[in-house]
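Enquirer: coords below, sequence missing:
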């Protein structure tokens, strides 16, 4: 699939990796639906980028919200070619810490947004992708989910986050097998330490320390590099049912 002239449906598209993906692909003559809860930021991006974007305020865990987002995208652009599921939250709570056991509500919230939110987008977007005319490879659409190196090397306090990213990876192969007959591919990208707004809000010394942990190149990943990898996945039809680590050989310590 050529990464131009397509319609992207991007959850978490108003910040971080999602925003970088919106900007990267609209610059390549694509259209993008920005699916996010941050209304001020989402509207600002659509105002800046113009008619090739649409913003829909969406709780990714809500069936009605997600269906409304898909419907609005179809009404605006007429189809969906690529899903990029970036909406997600982190956590920093021990199973048993000074304040007692890990709050179950907090654990459930991470799984709801990261896992259920991702699947919610997939199931509804695929319905629309199935209606697309196939290209010369028989391809109708591509699904990109966002994992993390924490799926393999979760740190202390990351139980909920690591579990959610492991679940996202676990969905990839069965979904790829199921959707093969429709000509829809799925790939998960697992970034390492990326220079997202949340990380850049940390003290400079902390950022420098994180960068030094990365073997090569010894720096934080750039959000546009995540978007670039999506472009590589789109163009290489043999990438399907797999998880790609984008971490510069980083293996996080406990």
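Expert: Received the coordinates, thanks. Here the structure is a predicted model, which means the values were calculated and not measured.
Enquirer: please count neighbours and contacts with C-alpha atoms only from this point.
Expert: Will do.
Enquirer: give me the buried positions along whichever strand or helix holds residue 125.
Expert: Following DSSP states H and E, one finds residue 125 within helix 117-129. Neighbour-count burial for helix 117-129, counted by 16 or more other CA atoms under 10 Å, picks out 117, 118, 119, 120, 121, 122, 124, 125, 126, 128, 129.
Enquirer: show me the residues around the nearest residue to residue 35 once chain neighbours are set aside that make contact.
Expert: In space, and not counting its chain neighbours, residue 35 is closest to residue 11: 4.5 Å by CA to CA, 6 or more residues apart in numbering. By CA atoms under 8 Å, 6 or more residues apart in numbering, the contact list for residue 11 reads 18, 34, 35, 36, 60, 84, 85, 86, 87, 121.
Enquirer: and the third one, which of the three is it?
Expert: Secondary structure state of residue 35, per DSSP: H, G, I helix; E, B strand; the rest coil, is strand.
Enquirer: okay, now it: neighbour count?
Expert: For residue 35, the number of neighbouring residues by other CA atoms under 10 Å comes to 31.
Enquirer: beta partners of it?
Expert: residue 11, residue 56 (DSSP bridges).
Enquirer: am I right that it is in contact with residue 56?
Expert: Yes - between residue 35 and residue 56 there is a contact at 5.3 Å, judged by CA atoms under 8 Å.
Enquirer: give me the common contacts of these two.
Expert: Residues within reach of residue 35 and of residue 56 at once, by CA under 8 Å, 6+ apart, are residue 69.
Enquirer: before we move on, back to that, how about JSON lines for the contacts of residue 11, with distance to residue 200 and pLDDT added?
Expert: Converted to JSON lines, the contacts of residue 11 look like this (distance: CA to CA, whole Å; pLDDT from 0 to 100):
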{"residue": "18", "distance to residue 200": "16", "pLDDT": "97"}
{"residue": "34", "distance to residue 200": "22", "pLDDT": "98"}
{"residue": "35", "distance to residue 200": "23", "pLDDT": "98"}
{"residue": "36", "distance to residue 200": "20", "pLDDT": "97"}
{"residue": "60", "distance to residue 200": "25", "pLDDT": "98"}
{"residue": "84", "distance to residue 200": "22", "pLDDT": "98"}
{"residue": "85", "distance to residue 200": "22", "pLDDT": "98"}
{"residue": "86", "distance to residue 200": "18", "pLDDT": "97"}
{"residue": "87", "distance to residue 200": "18", "pLDDT": "95"}
{"residue": "121", "distance to residue 200": "28", "pLDDT": "98"}
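Enquirer: fine by me, thanks again.
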